[in-house]
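Trainee: any chance you can model this:
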Amino acid sequence: MNVWKANGLKYILLFSLILCAVASVVSLWSYSGSSASQSAAVRQGPSGGFGGGSGPGGGMRGPGQPTNSSTEGTSTSGDKGTTAGNDTSSGSSGVAGDGQHRGPGGMSGNGSGMGGGRSGNSSSAYATPLAIFAALFFGAFVFIACRFRAREWKLGERNRGLMLWTVLGVGFFLRMAIAPWISGHMDLMLFRNWATTAADSLSGFYTNGSSDYPPFYIYILYVIGQIGSTDAFSPYMSVLLRLPNILADIVTAYMLYRLASKRVGFGISLGLAIFYVFNPAVFINSTFWGQVDSFFTMLIVGMIVLLVENRVGWSAVLFTVAVLMKPQGIIYGPVLFFELLRQRKIQPWLLSIGGAVVTTILVILPFSWGQEPLWLLDLYKGTVGEYPYASVNAYNFFALIGGNYTQDTTTLFLFSYHTWGMICIVLVTLFTWWMYIRSRKPQFAAAAALVLIAGVFTFASSMHERYLFPAAALAVLAYLYLRNRRFLWLAGGFSLTIFLNTFDIFYSSNSRDQYGIILCVTSLLNVLLFGYLVKVVWDCSKSTTIETAPSTDRVSPELPSAQPAWGASSQGVNTTIDS
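Mentor: Residues are numbered from 1 along each chain as shown. Modelled structure (predicted):
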């Protein structure tokens with residue numbers, strides 16, 4: 001009995017970790033992985049998502065309808081919430097060729113009328129469990145945030161490392177156990193085709209096909225294509241395609257934990273790791289949809305952390321990699337620019353420019369043979385101009401007033417949607433700059449990045465449903481640097497709207513013109529959250545707020561720790577979260 005009292009928690013943690021690991025192995029082992037199963041997963045349409053001939057994608061198959069095996073493989077940008085066609089072509093890159101029509105929603109086809117705006121592409125069989133899990137998660141978040149806001153979080157010194165690795169391990173193995181059985185978005189088919197093309201010829205990826213995806217992630221797909229080409233791993237290609245982003249979820253949670261453990265103690269640090277690992281908004285993106293926003297967010301979080309630690313050169317490298325992975329990475333460029341201006345030194349500028357130039361050359365060089373000198377610029381121009389709509393399934397201000405899939409040249413009051421969007425981008429950037437100058441501290445970088453992505457997503461045109469994804473991690477990061485508890489509420493709020501937006505598009509059976517309750521509520525919430533964020537940032541931009549945390553949100557003195565310096569935990573932590 002004494003042994004159990006002394007080691008009971010340890011045994012429970014080990015059992016949980018082992019159980020999830022075994023479940024993951026059994027799931028992967030029992031997954032048939034046959035060509036028929038893979039093909040069925042790819043062909044599986046949403047529950048009514050593409051309807052029969054009368055739906056928005058008129059002429060497309062409905063659930064349970066057979067797929068014409070002679071249909072040409074088609075695909076589109078994997079970053080737009082789009083769909084890819086059947087994987088029936090051999091030796092094809094699977095990317096949209098010249099002359100193919102791209103309708104609203106990004107679907108690429110050989111004729112007009114292929115444009116269903118919403119492209120949910122997963123079996124509805126998992127929608128209810130996911131919705132229940134999300135309801136429990138956000139309910140628990142609100143309960144904990146309210147019930148324990150004025151109480152101390154106390155966790156003993158023992159088993160701290162095991163608790164952390166149990167959280168991270170359970171999160172990883174749970175994702176790996178679920179991933180084989182989720183058909184995912186048809187973007188996975190597109191990524192699969194790109195991985196195969198890259199594995200066949202990395203240097204000829206752009207010259208042999210037609211892809212609008214920036215070059216960095218093609219390296220990841222190249223490795224996946226090489227591994228997936230083997231007999232042992234080919235049945236698990238859909239899992240391999242998700243794996244980098246599943247790992248990115250865990251790495252980002254670990255980074256947040258290590259940073260938190262230096263500032264708020266072990267109890268809250270572990271709570272923040274749990275919040276991110278099991279966040280439905282994070283879960284649905286990497287494990288259900290199969291998109292790459294988790295990997296992108298990991299780069300942005302790393303960029304902000306390095307910037308605050310005055311490692312400007314390396315921060316510029318990660319920023320460059322992020323832009324070379326997704327065009328919307330440029331949204332975070334002003335944060336780096338603001339910090340360089342604040343330092344008023346020439347060396348950080350030289351380091352940043354040098355790091356960005358060298359990184360760009362190294363990334364694009366293998367793809368540049370046989371290309372025009374400005375091929376990369378043309379690639380970005382084509383990607384940015386591909387969806388000229390006020391909103392592309394992004395539940396923001398334009399969607400709230402009925403602008404989802406409205407041409408951005410349409411006049412709204414005095415100007416077009418596009419012009420209003422550009423005006424808002426300028427205003428959000430200027431406001432962020434003002435707050436950064438007002439704060440006079442690099443710790444404000446996370447809040448600045450959060451304002452930029454939330455403001456641009458909410459009020460700019462041509463936004464997609466997943467562009468707000470980094471906001472959840474950035475809100476947690478802002479809390480850790482500015483120590484204002486309201487950022488935790490923002491983290492929960494943005495997580496909710498990100499999940500609702502992604503869930504509705506992923507499982508939606510509505511046409512792009514549908515003005516549903518989820519669209520209306522989520523769009524309104526995003527507008528209100530941004531307004532609340534502006535108020536919080538205004539309050540936190542005073543330098544005294546950043547230099548000294550509020551007395552009700554401080555960490556009590558801690559004993560020395562034997563853990564590594566970067567984010568070491570300590571003994572006997574008494575941390576109060578309140579404002």
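
Trainee: the chain: strands as residue ranges?
Mentor: Listed in chain order, the strands of the chain (DSSP state E) span 101-102, 108-109, 152-153, 391-392, 411-412, 415-416, 463-464, 575-576.

Trainee: against which helices or strands is the fourth one packed?
Mentor: Under the contact criterion of 3 or more C-beta pairs under 8 Å, 6 or more residues apart in numbering; DSSP states H and E, the helices and strands touching strand 391-392 comprise strand 463-464. C-beta here means a position set from N, CA and C on the backbone, and glycine is covered the same way.

Trainee: so how far is the strand it packs on from its chain's centroid?
Mentor: Distance of strand 463-464 from the chain centroid (C-alpha atoms, centre = their mean, to the nearest Å) equals 13 Å.

Trainee: just stretch 179-197 next, same as before
Mentor: Using C-alpha atoms, centre = their mean, the offset of stretch 179-197 from its chain centre is 17 Å.

Trainee: please apply the same query to stretch 267-284.
Mentor: The answer for stretch 267-284 is 14 Å, by C-alpha atoms, centre = their mean.

Trainee: do stretch 246-261 as well
Mentor: 14 Å.

Trainee: can you name the residues in contact with that stretch?
Mentor: With C-beta atoms under 8 Å, 6 or more residues apart in numbering as the test, stretch 246-261 has contacts from 164, 167-168, 171-172, 175-176, 179, 268-270, 272-273, 276-277, 282-283, 286-287, 294-295, 297-298, 301-302, 305, 473, 476-477, 480, 563, 566-570.

Trainee: please save the CA atoms from that stretch in PDB.
Mentor: Only the C-alpha atoms of stretch 246-261 are listed here, as PDB (Å, rounded to 0.1, in the frame of the first residue of the first chain):
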ATOM      1  CA  ILE A 246       1.300  15.900 -36.100                       C
ATOM      2  CA  LEU A 247       4.900  16.200 -34.900                       C
ATOM      3  CA  ALA A 248       4.700  20.000 -35.300                       C
ATOM      4  CA  ASP A 249       1.700  20.000 -32.900                       C
ATOM      5  CA  ILE A 250       3.800  18.200 -30.300                       C
ATOM      6  CA  VAL A 251       6.900  20.400 -30.900                       C
ATOM      7  CA  THR A 252       4.900  23.600 -30.600                       C
ATOM      8  CA  ALA A 253       3.300  22.400 -27.400                       C
ATOM      9  CA  TYR A 254       6.700  21.500 -26.000                       C
ATOM     10  CA  MET A 255       8.100  25.000 -26.900                       C
ATOM     11  CA  LEU A 256       5.200  26.700 -25.200                       C
ATOM     12  CA  TYR A 257       5.800  24.500 -22.100                       C
ATOM     13  CA  ARG A 258       9.500  25.200 -21.900                       C
ATOM     14  CA  LEU A 259       8.900  28.900 -22.300                       C
ATOM     15  CA  ALA A 260       6.100  28.800 -19.700                       C
ATOM     16  CA  SER A 261       8.200  26.900 -17.200                       C
END
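
Trainee: which among the contacts of stretch 246-261 count as buried?
Mentor: 164, 167-168, 171-172, 175-176, 179, 268-270, 272-273, 276-277, 282-283, 286-287, 294-295, 297-298, 301-302, 305, 473, 476-477, 480, 567, 569-570 (16 or more other C-beta atoms under 10 Å).

Trainee: so what's residue 536 up against?
Mentor: Per C-beta under 8 Å, 6+ apart, neighbours of residue 536: 484, 486, 487, 490.

Trainee: and the closest residue in space to residue 379 that isn't next to it in sequence, how far from residue 386?
Mentor: Leaving aside its sequence neighbours, residue 379 sits nearest to residue 212 (C-beta to C-beta, 6 or more residues apart in numbering; 6.4 Å). From residue 212 across to residue 386, the span is 7 Å (C-beta to C-beta, to the nearest Å).

Trainee: so between these two, which is more surrounded?
Mentor: Neighbour count, other C-beta atoms under 10 Å: between residue 212 and residue 386, residue 212 has more, with 21 against 18.

Trainee: show me the contacts for the residue most central in space within the chain.
Mentor: Nearest to the mean C-alpha position of the chain, by C-alpha atoms, centre = their mean, lies residue 293 at 3.0 Å. Residues in contact with residue 293 (C-beta under 8 Å, 6+ apart) are 245, 285, 286, 466, 469, 470.

Trainee: which of these fall within helices?
Mentor: residue 245 (DSSP state H).

Trainee: pLDDT for the contacts of residue 293 - can I get that in TSV?
Mentor: As requested, these are exported to TSV (pLDDT from 0 to 100):
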residue	pLDDT
245	96
285	94
286	93
466	93
469	96
470	97
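
Trainee: looking at the contacts of residue 293, spot the one nearest residue 393.
Mentor: For those, the residue nearest residue 393 by C-beta to C-beta is residue 466; the value is 8.9 Å.

Trainee: pretty sure that closest one contacts residue 282?
Mentor: No. Taking contacts as C-beta atoms under 8 Å, residue 466 lies outside contact range of residue 282: 11.4 Å.

Trainee: could you pull out the helices for the stretch 101-250 of the chain?
Mentor: 127-147, 160-178, 187-200, 205-208, 216-228, 237-261 (DSSP state H, counting those that start in this stretch).

Trainee: just send those helices back as a markdown table, with distance to residue 529 too.
Mentor: Formatted as a markdown table, these follow (distance: least, C-beta to C-beta, whole Å):
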| stretch | distance to residue 529 |
| --- | --- |
| helix 127-147 | 14 |
| helix 160-178 | 26 |
| helix 187-200 | 27 |
| helix 205-208 | 39 |
| helix 216-228 | 29 |
| helix 237-261 | 20 |
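
Trainee: mean pLDDT lowest for which of those?
Mentor: Least confident of those, judged by mean pLDDT, is helix 205-208 with a mean of 85.

Trainee: what sits against the nearest residue to residue 14 once chain neighbours are set aside?
Mentor: The shortest distance from residue 14 to any non-neighbouring residue, by C-beta to C-beta, 6+ apart, is to residue 162 (7.2 Å). If you count contacts by C-beta under 8 Å, 6+ apart, residue 162 has them with 10, 13, 14.

Trainee: what's the ChimeraX line that selects buried ones from these?
Mentor: To isolate the buried ones among these in ChimeraX, judged by 16+ other C-beta under 10 Å, type:
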select :13
